[in-house]
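S.K.: Below are the sequence and a predicted model; questions follow.
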Amino acid sequence: MLVFEHGRSEQLVEACVSLRDPDTRERELRALDDAMTELRISKASIVTLNEDEVIERGRKRIHVLPFWRWCLDL
């Protein structure tokens, strides 16, 4: 999902059950990293069931957060 603020794309949001599996984690992070580069976006989120962390990739920041917290932040 691409979130727009003031008519400009600001943030990408991805959803998956869990990032615990290394293959899933790498696939999701690679896809977001590529999209962030293409769209020139510096922040993204991955919504999961229970995980909570921040992943730094250069100047890019990916917030991994549980669904309930993402709902509260809307």
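M.R.: Yep, it's here. Numbers count the residues shown, from 1 in each chain.
S.K.: all helices in this protein, in order from the N-terminus.
M.R.: For the chain, the helices defined by DSSP state H occupy 22-39, 67-73.
S.K.: Ok, which of the ones you listed comes nearest Arg59?
M.R.: Closest to Arg59 of the helices of the chain is helix 22-39 (CB to CB; 9.5 Å). The way it works is simple: take the backbone N, C-alpha and C, and place the C-beta from them, glycine included.
S.K.: and that closest one, how far out from the chain's middle?
M.R.: Taking CA atoms, centre = their mean, to the nearest Å, one finds helix 22-39 lying 9 Å from the centre of the chain it belongs to.
S.K.: List the buried residues in that helix.
M.R.: Neighbour counts over helix 22-39 (16 or more other CB atoms under 10 Å) mark Arg25, Glu28, Leu29, Leu32, Asp33, Met36 as buried.
S.K.: Repeat that for stretch 52-68.
M.R.: Applying 16+ other CB under 10 Å to stretch 52-68 flags Ile55, Lys60, Ile62, His63, Val64, Leu65 as buried.
S.K.: circling back: possible to save the helices of the chain as a markdown table with distance to Thr48 and mean pLDDT?
M.R.: Shown next, in a markdown table, are the helices of the chain (distance: least, CB to CB, whole Å; pLDDT from 0 to 100):
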| stretch | distance to Thr48 | mean pLDDT |
| --- | --- | --- |
| helix 22-39 | 10 | 93 |
| helix 67-73 | 7 | 90 |
